[in-house]
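Trainee: sequence first, then the predicted structure:
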Amino acid sequence: MRSHRNRKRKKKKIILASCALMLTAVFCIVLLLLFLFTRPGQEDKLSFHFDKEKTREDPDTLLLTYMDHAAKKEYAKMYAMLDIEASGNITEQDFQERNQAIYEGIAMQDMHTEVTAYDAQTHTVTYETSFHTAAGSIQFENEAFFQKGEDGYRLVWSDAMIFPQLGKTDKVRVSTVQAKRGEIKDRNGRVLAGWGSAASVGIVPGKLLQEQSAKQIAQIAKLLEMEPEAITKKLEAKWVKEDSFVPIRTLPAVDELALMAIEPDEEMQKEQARQEKLLKIPGVMIQEVKIREYPYREAAAHLVGYVQNVTAEDLKEHEGEGYTASSMIGRSGIEGLFEKELKGTNGCRIYITDKNGREKEELASVDVQHGKEIRLTIDAGLQEQIYEQFREDKSCSVAMHPMTGEVLALVSTPSYDNNDFILGMSSEQWTALNEDERKPLYNRFRQAWSPGSTFKPVIAAIGLETGTLNPQEDFGNAGLSWQKDASWGAYHVTTLHDYEPVILDNALIWSDNIYFAKAALKIGAQNLEDSLRKLDFTKKIPFEITMAKAQFSNTEHLETEIQLADSGYGQGQILINPLHLAGIYTAFCNHGNMIRPYLIMKSGLDADTGTKADRQAEAGVWIADAFSAETADRVLEALKKVVNDPNGTGYALHRDDRILAGKTGTAEIKASKDDHTGTELGWMAVFTAEETQKRPILLVSMTEDVKGRGGSGYVVQKVKQVLDVWMGR
């Protein structure tokens with residue numbers, strides 16, 4: 001027992017001794033490390049060791065890092081890589097300003113650098129750099145020299161790092177030739193958007209009477225319909241000097257001829273008086289400038305659109321597309337739609353000059369490319385005539401050549417003067433325009449509307465095509481109110497005229513809602529849906545300007561029997577754009593083929609050159625065999641009667657010199673079936689019915705709020721005035 005205890009005690013001592021030895025060894029190692037790393041200068045040596053790990057790259061690698069910073073315009077990081085003394089002790093501010101002014105002044109982007117050689121003895125890196133600029137691509141070979149120091153290699157910088165030819169006192173110049181924006185013209189070469197003169201009102205700060213400057217600015221602001229603070233902000237811009245001409249606002253140029261007329265233009269007289277008052281204020285100057293001008297003003301504003309100066313957001317969105325702070329950009333209409341073609345490309349030269357301004361070398365250049373002219377199929381005279389007839393109404397009109405698809409007019413009223421966006425509107429003008437309950441900025445010809453009875457010919461054609469409608473079948477006189485059966489509850493379809501026999505032609509002549517409600521029920525929901533889809537309902541119209549899609553229901557299907565019946569006379573949930581409706585009507589005078597509408601004149605065809613086949617080839621067929629030739633001809637004959645039969649709702653358009661065909665329409669717009677306070681849309685769709693007729697036209701016009709004003713008859717009288725001028729020329 002004692003022997004066992006002794007062995008146990010001995011083993012314990014050995015373990016304790018081993019632990020003591022281990023602790024002693026650890027303690028000695030710690031002391032050694034402390035001794036090594038706390039001697040004078042050892043902190044620096046340790047730091048140098050880790051810095052060296054960070055800057056171990058060779059000059060060729062460092063050069064690529066430097067150029068990557070340049071590509072990203074990281075000027076502070078570039079400067080941090082320099083050997084300052086070897087680089088001429090250039091300050092960080094001077095370095096950043098020099099590099100930033102050049103790289104950003106030439107609009108450098110997409111820089112790529114490749115090292116081609118490295119001399120380890122002289123620490124010289126040979127490399128090739130290329131990048132894009134406002135004047136095209138620049139590519140050059142260059143050399144960079146590095147100094148080796150205690151903290152690794154550092155770049156010896158000089159101006160030649162930017163361009164090999166660039167000296168310390170040299171400057172990089174950028175010369176720009178502004179591209180002229182292309183004009184927009186009508187089919188006859190009349191200018192819809194071009195160039196005119198305006199009066200730029202500016203202030204020369206040094207000529208203001210200093211003790212009265214605040215009072216003078218207030219006077220100027222009142223005459224220019226601006227806030228004084230807006231003028232002060234312009235005068236405080238960094239670039240402004242005492243003798244600078246600071247543009248404040250652009251006004252219409254005073255037209256001397258207009259003032260000399262027998263009946264002088266009152267607005268021009270007011271403008272002349274305003275500018276005379278401005279010139280009496282010390283410091284005010286007026287200079288003539290060239291601006292974008294829209295001669296047809298309100299008549300074509302929604303079609304042509306307008307341009308405005310680019311914003312910071314535009315420059316960011318269109319980076320690399322050649323826009324500068326002084327550029328214009330199309331905001332709406334044709335100006336916006338064909339911005340790329342109209343704007344052109346500025347000419348630009350980048351070159352180096354010496355300290356005396358003498359040119360040393362051209363680095364890059366690109367010739368100016370002026371914007372293209374856009375020639376429209378529009379007839380400006382017709383556009384203006386339609387506008388004048390409907391200018392006081394909330395309306396839209398589409399006119400096109402029924403055989404070729406050339407769109408002759410696109411009008412929306414009420415309208416606005418697109419020149420106001422060029423000259424600049426006061427806040428009061430902008431507020432008035434936006435708060436006008438008639439919505440003059442709203443483009444009605446792009447929207448979809450309830451077509452009313454102008455849709456009946458479409459239903460007639462579908463009924464004939466599907467074999468569900470016999471044109472000679474007498475539906476029987478149901479009076480002026482009808483419902484299918486008691487399942488319709490209190491709902492009845494109503495019509496305005498009592499006539500016999502109740503057959504297709506008479507139903508179109510008298511515009512009978514009940515007949516076409518019954519016709520829709522005969523056709524059936526599925527047949528009608530399929531037929532309307534064939535006519536591109538719910539699809540995009542193949543046209544340069546995006547128009548609203550047509551629909552036959554708010555859902556994917558005609559949901560109820562009443563909805564189906566209402567669809568038969570263009571009500572229910574039927575909506576269609578007037579250009580789409582005009583496109584369907586072209587099938588009635590082209591043996592069943594729907595002709596695609598188009599707006600841009602092509603192949604050099606002028607207004608009165610080229611055969612019908614040439615012009616139709618420009619458009620092509622939108623939907624071949626939309627209806628059979630037999631169906632199209634049958635409906636066409638009935639539509640001729642609508643205009644030429646004394647009982648026809650369109651008889652007011654009857655002419656002895658032309659054969660016209662068409663259809664009137666009135667659509668009720670109400671919140672529910674029981675709403676008796678809703679308004680009405682008035683429609684007229686009319687076209688020249690024969691290929692040989694001179695000055696062919698298909699005109700579709702819609703006017704809101706015709707209830708109590710004669711319904712569709714109100715629109716018919718307006719259309720008559722337009723046709724009298726068009727056909728009488």
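Mentor: Cool, got the structure.

Trainee: what are the phi and psi values for Tyr118?
Mentor: The phi/psi pair for Tyr118 (degrees, to the nearest 10) reads phi -140, psi 120.

Trainee: report how many residues lie close to it.
Mentor: 18 (other C-beta atoms under 10 Å). Backbone N, C-alpha and C define where each C-beta goes, glycine included.

Trainee: tally up the residues packed near Asp243, please.
Mentor: Other residues close to Asp243 by other C-beta under 10 Å number 9.

Trainee: isn't there a helix covering Asp314?
Mentor: Yes. Counting by DSSP: H, G, I helix; E, B strand; the rest coil, Asp314 is part of a helix.

Trainee: who are the contact partners of it?
Mentor: With contacts defined as C-beta atoms under 8 Å, 6 or more residues apart in numbering, Asp314 is in contact with Tyr323, Ile329.

Trainee: let's see that with 10 Å instead.
Mentor: Residues in contact with Asp314 (C-beta atoms under 10 Å, 6 or more residues apart in numbering) are Gln308, Glu321, Tyr323, Ala325, Ser327, Met328, Ile329, Arg331.

Trainee: ok, the first one to Gly330 distance?
Mentor: Okay, so that is Gln308. 9 Å (C-beta to C-beta, to the nearest Å).

Trainee: more crowded one of those two?
Mentor: Using other C-beta under 10 Å as the criterion, Gln308 and Gly330 rank with Gly330 on top: 22 against 16.

Trainee: okay, that one and His492: tell me how far apart.
Mentor: When Gly330 is compared with His492 (using C-beta to C-beta), they lie 51 Å apart.

Trainee: what stretches of the stretch 551-700 of the chain score poorly on pLDDT?
Mentor: The model of the stretch 551-700 of the chain has pLDDT under 70 over residues 603-619, 671-676.

Trainee: ok, which stretches of it are helices?
Mentor: All helices of the stretch 551-700 of the chain, identified by DSSP state H, counting those that start in this stretch, fall at 561-567, 578-586, 612-619, 629-644.

Trainee: closest one to Lys534 among these?
Mentor: helix 578-586 (10.8 Å; C-beta to C-beta).

Trainee: who touches Val493 in this structure?
Mentor: 478, 480-484, 512-518, 562, 565-566, 568-569, 571.

Trainee: which of the residues you listed are buried?
Mentor: 478, 482-483, 512-518, 562, 565-566, 568-569, 571 (16 or more other C-beta atoms under 10 Å).

Trainee: between those residues, which sits nearest Ala364?
Mentor: Ala364 lies nearest to Gln571 out of these, by C-beta to C-beta, at 64.6 Å.

Trainee: gap between that closest one and Asn513?
Mentor: Distance from Gln571 to Asn513, by C-beta to C-beta: 8 Å.

Trainee: overlap in contacts of the two?
Mentor: With C-beta under 10 Å, 6+ apart as the test, Gln571 and Asn513 both reach Gly452, Ser453, Val493, Ala565, Thr666.

Trainee: ok, Lys549 - contacts?
Mentor: Shown in contact with Lys549 (C-beta under 10 Å, 6+ apart): Ala448, Asp536, Phe537, Thr538, Lys539, Lys540, Ile541, Leu575, Ile576, Asn577, His580.
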